[in-house]
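Trainee: Below is the sequence, then the predicted model.
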Amino acid sequence: MNDALGDLHNMVPHFTQVIHRVVNGSWVNHRKVWDTHSLILVYDGEAVIGCNEEQRVGKGDLIYFKPGDVRWGYTFEDNPMKCYAMDFQYSCLLFDDKEWIKKDIPLPMQSFLQITDSHLFSRVLNLFRNLTKEWISPSTFNKVFRERAYFMEILNLLFLWNSSKQSLNYDKIRKVEKVSQYILENYSHKVKLQQLADYIQLSQSYLQVIFKEITGSSPIEYLIKVRINKSKELMKEGYQNIGEISELVGFNDAFYFSRCFKRIEGTTPTEYRSTISSQNQFV
């Protein structure tokens with residue numbers, strides 16, 4: 001999958017509140033300067049929300065407040081808003097040369113975003129729901145990691161939707177994820193484009209179109225990159241015979257493997273293996 005997070009991949013979020021809010025009757029929020037980041041996903045009812053400007057929101061609308069934004073709003077007694085919301089802060093740590101550097105990287109989001117794709121909205125809503133359940137759960141060894149995992153997937157989907165000019169079809173993402181998972185599980189075997197198309201019950205041409213749209217590469221190019229990455233792991237583990245390595249990762253032709261490796265890595269398998277051999281470590 002294409003990762004929309006970019007440098008925000010190294011984000012460390014801290015939540016101050018995660019809540020499922022069902023408004024009873026009319027409700028008013030007076031103007032206030034907000035001091036955290038905040039996301040609100042409306043799944044039912046209506047409200048008027050102000051985030052520097054005022055908009056009427058309903059199902060499918062997501063509102064983003066950043067620190068310093070002026071926030072206000074009110075609901076309607078005959079159709080009160082139901083939503084999930086979270087307040088959070090975050091830091092981004094990037095590794096530069098030999099040290100970690102804390103950078104202030106803003107979230108690439110506008111104040112109001114409408115999710116019109118029903119599949120995407122359903123997935124994002126479910127992630128908010130799971131995050132809210134995790135937030136109220138007792139502390140366990142994996143509570144913080146699960147909260148962050150839900151949060152990061154929410155952000156990645158929202159950034160993809162936003163960057164695609166809201167033309168993203170989440171159903172395509174689900175299909176591409178299924179094909180990419182199949183490739184990851186079967187890369188060492190013979191895999192053909194028609195086989196992938198039959199697996200997902202799509203035409204070859206349409207599969208190639210949506211796979212390229214979501215991942216930036218064709219299904220076969222994705223397969224080749226997976227095989228090359230695995231071959232690099234095998235070399236690091238001490239495998240020496242290039243022909244054996246190429247066969248283990250699914251290439252029937254060692255010469256074709258070498259050409260693909262050189263095209264992707266900029267060096268031959270033999271040269272790469274030599275470099276790795278000179279840097280052998282236990283881990």
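Mentor: That came in fine, so what should we check first?

Trainee: what residue ranges in the stretch 51-200 of the chain are flagged as low confidence?
Mentor: Within the stretch 51-200 of the chain, the ranges that satisfy pLDDT under 70 run 164-168.

Trainee: hey, where'd the strands end up in it?
Mentor: For the stretch 51-200 of the chain, the strands defined by DSSP state E, counting those that start in this stretch occupy 54-57, 61-65, 70-75, 82-96, 99-103, 112-114.

Trainee: Nearest to Val23, out of those strands?
Mentor: When the strands of the stretch 51-200 of the chain are ranked by proximity to Val23, the top entry is strand 70-75, at 4.9 Å, counting by C-beta to C-beta. (Each C-beta comes from the backbone N, C-alpha and C, glycine too.)

Trainee: Distance from the chain centre to that closest one, please.
Mentor: Here strand 70-75 shows a centroid-to-chain-centroid distance of 30 Å under the convention C-alpha atoms, centre = their mean, to the nearest Å.

Trainee: so it versus strand 61-65, what angle?
Mentor: For the pair strand 70-75 and strand 61-65, the angle between their directions (axes from the mean of the first three to the mean of the last three C-alpha atoms, to 10 degrees) equals 150 degrees.

Trainee: coming back round to it: mind putting the strands of the stretch 51-200 of the chain into JSON lines with distance to His30 and mean neighbour count?
Mentor: Written out in JSON lines, the entries for those read as follows (distance: least, C-beta to C-beta, whole Å; neighbours: other C-beta atoms under 10 Å):
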{"stretch": "strand 54-57", "distance to His30": "14", "mean neighbour count": "14"}
{"stretch": "strand 61-65", "distance to His30": "15", "mean neighbour count": "22"}
{"stretch": "strand 70-75", "distance to His30": "6", "mean neighbour count": "17"}
{"stretch": "strand 82-96", "distance to His30": "17", "mean neighbour count": "16"}
{"stretch": "strand 99-103", "distance to His30": "34", "mean neighbour count": "10"}
{"stretch": "strand 112-114", "distance to His30": "20", "mean neighbour count": "15"}
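
Trainee: what separates the closest residue in space to Asp117 that isn't next to it in sequence from Val124, distance-wise?
Mentor: Using C-beta to C-beta, 6 or more residues apart in numbering and skipping residues adjacent in sequence, the residue nearest Asp117 is Tyr170, 5.1 Å away. Tyr170 is 9 Å from Val124, where distance means C-beta to C-beta, to the nearest Å.
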